[in-house]
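Participant: What shape does this take:
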Amino acid sequence: MVKALNEALRRSLSEDDRTLVLGEDVGVLGGVFRVTDGLQAEFGDKRVFDTPLAEAAIAGVSLGLALAGWRPVAEMQFDGFSYPALDQVISHVAKYRYRSRGRQTVPIVIRIPFAGGIGAAEHHSESPEAYYAHTAGLKVVAPSTPIDAYDLLRASIADPDPVIFFEPKSRYWSKEEGDLDGASALPIGKARVLREGSDCTVIAYGAMVARSLAAAHAAAARGTELEVLDLRTLVPLDLDALAASVRRTGRAVVVHEAPLTAGFGAEVVARLMEDAFDYLEAPVLRVTGYDTPYPPATIESHYLPSVERILDAVDRVTNY
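Facilitator: Numbering: from 1, shown residues only. Take a look at the predicted model:
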């Protein structure tokens, strides 16, 4: 996934001189996770440049650049570091097109490595997607595979609206075979069924898609066929794909790493109640992180949704 994201940035920089990449250590170092590796050497320090350790400034400068005609791609080094920029993102980045009555586009991408599973320290493994998804004016995406990360980042950079681009850290080293810019590319706002099934739909995004697929494989060994739906985009949410899958299976389990209360899964459950209530054979269940701050790395495996926890939820809805 790291290489796919790097190639998406490289091609976007090559094709449009207005594209810029900025953030903490994105230049000489090539990013903490090496997503921007080699880009400054290729495109120069006027288009790929390091910033001070000031996330509010990164977001504010990106807005100014966008208003001046550039297409900035800003990186927040870690999920937990993005909070100082929330004032700029919520108060200005998200609202500027609305404020200008549509006359001023805001083509900003804010890349945020997010979620856990890498044994990191405090503030390095958080899942803040609900903050951004609740903020009107932002698009929010979260890929789960390398090629989809490439496709979504390319689409995000080309989009006229601000996009919050969540990169699942534990999937940075995942591998996938296929063609970039292939016919299978889906736009922002479209979900994808990665595995068809008849007994229950498991809905996930980011790193939890792979875990849901693993759960589906384990369930199949005991005769339960799970459909796995990768949301890909949280805003705009693909309500048609969501409802269509659950209407087929009659049951649903939603999986994400963020805490349970007011997590994005609550929005998914609410939409299913509105759009597929007559088709549901059981309550929709959520498998999530717990309502605690993210734990130390030594015990994060107990916090993250596991295959066993997903299968337990599936058993409860299929035996309801």
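Participant: Please enumerate the helices of the stretch 1-150 of the chain.
Facilitator: Ranges of helices in the stretch 1-150 of the chain, per DSSP state H, counting those that start in this stretch, are 2-15, 39-43, 55-67, 86-88, 96-99, 129-133, 146-158.
Participant: Can you tell me which of the ones you listed is packed in deepest?
Facilitator: Comparing the helices of the stretch 1-150 of the chain by mean neighbour count (mean count of other C-beta atoms under 10 Å), helix 146-158 comes out on top with a mean of 23. For the C-beta atoms, the positions are set from N, CA and C on the backbone; glycine is no exception.
Participant: Now find how far off-centre that helix is within its chain.
Facilitator: Mean-position distance between helix 146-158 and its chain equals 11 Å (C-alpha atoms, centre = their mean, to the nearest Å).
Participant: Return the angle between stretch directions for the helix or strand just after it and helix 2-15.
Facilitator: The first helix or strand that comes after helix 146-158 along the chain, using DSSP states H and E, is strand 163-168. Counting by axes from the mean of the first three to the mean of the last three C-alpha atoms, to 10 degrees, strand 163-168 points 150 degrees away from the direction of helix 2-15.
Participant: follow-up on the earlier one: quick one, which of the helices of the stretch 1-150 of the chain gets closest to Glu122.
Facilitator: Among these, helix 55-67 comes nearest to Glu122, with 16.4 Å by C-beta to C-beta.
Participant: Could you list the domains of the chain?
Facilitator: 2-171, 192-318 (automatic domain parsing).
Participant: hmm, back to that, mind checking which of the helices of the stretch 1-150 of the chain is nearest Val246?
Facilitator: Per C-beta to C-beta, nearest to Val246 of the helices of the stretch 1-150 of the chain: helix 129-133, 19.8 Å.
Participant: CA-only coordinates of that closest one, as PDB, when you get a sec.
Facilitator: In PDB, the C-alpha atoms belonging to helix 129-133 read as follows (Å, rounded to 0.1, in the frame of the first residue of the first chain):
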ATOM      1  CA  GLU A 129     -13.100   9.300  11.500                       C
ATOM      2  CA  ALA A 130     -16.400  10.200  13.300                       C
ATOM      3  CA  TYR A 131     -15.200  13.700  13.900                       C
ATOM      4  CA  TYR A 132     -14.600  14.300  10.200                       C
ATOM      5  CA  ALA A 133     -17.600  12.400   9.000                       C
END
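Participant: ok, and what's touching it?
Facilitator: 86, 89, 114, 138, 140, 142, 164, 166, 234-235, 256, 258, 262-264, 267 (C-beta atoms under 8 Å, 6 or more residues apart in numbering).
Participant: So which of the helices of the stretch 1-150 of the chain is nearest Thr292?
Facilitator: Nearest of the helices of the stretch 1-150 of the chain (C-beta to C-beta): helix 129-133, 15.7 Å.
Participant: can you tell me the distance between the two ends of stretch 14-32?
Facilitator: Terminal residues of stretch 14-32 lie 23 Å apart, using C-alpha to C-alpha, to the nearest Å.
Participant: Distance from the chain centre to it, please.
Facilitator: 20 Å.
Participant: Which residues outside that stretch are in contact with it?
Facilitator: 9, 12-13, 35-40, 43, 45, 47-53, 58, 61-62, 65, 69-78, 81, 111, 113, 157.
Participant: so who does Ser127 touch?
Facilitator: Asp79, Phe114, Ala115, Gly116, His256, Glu257, Ala258, Pro259, Gly263, Gly289.
Participant: which neighbours does the lengthiest strand in the chain have in its sheet, and in what orientation?
Facilitator: The longest strand of the chain (DSSP state E) is strand 252-259. Strand pairing for strand 252-259, determined by DSSP bridges: strand 200-204 (parallel), strand 285-289 (parallel).
Participant: and the ones you listed, which is most packed in?
Facilitator: Counting by mean count of other C-beta under 10 Å, the most buried of the strands paired with strand 252-259 turns out to be strand 200-204, with a mean of 29.
Participant: What mean pLDDT does it get?
Facilitator: Here strand 200-204 scores 98 as its mean pLDDT.
Participant: Thank you, goodbye.
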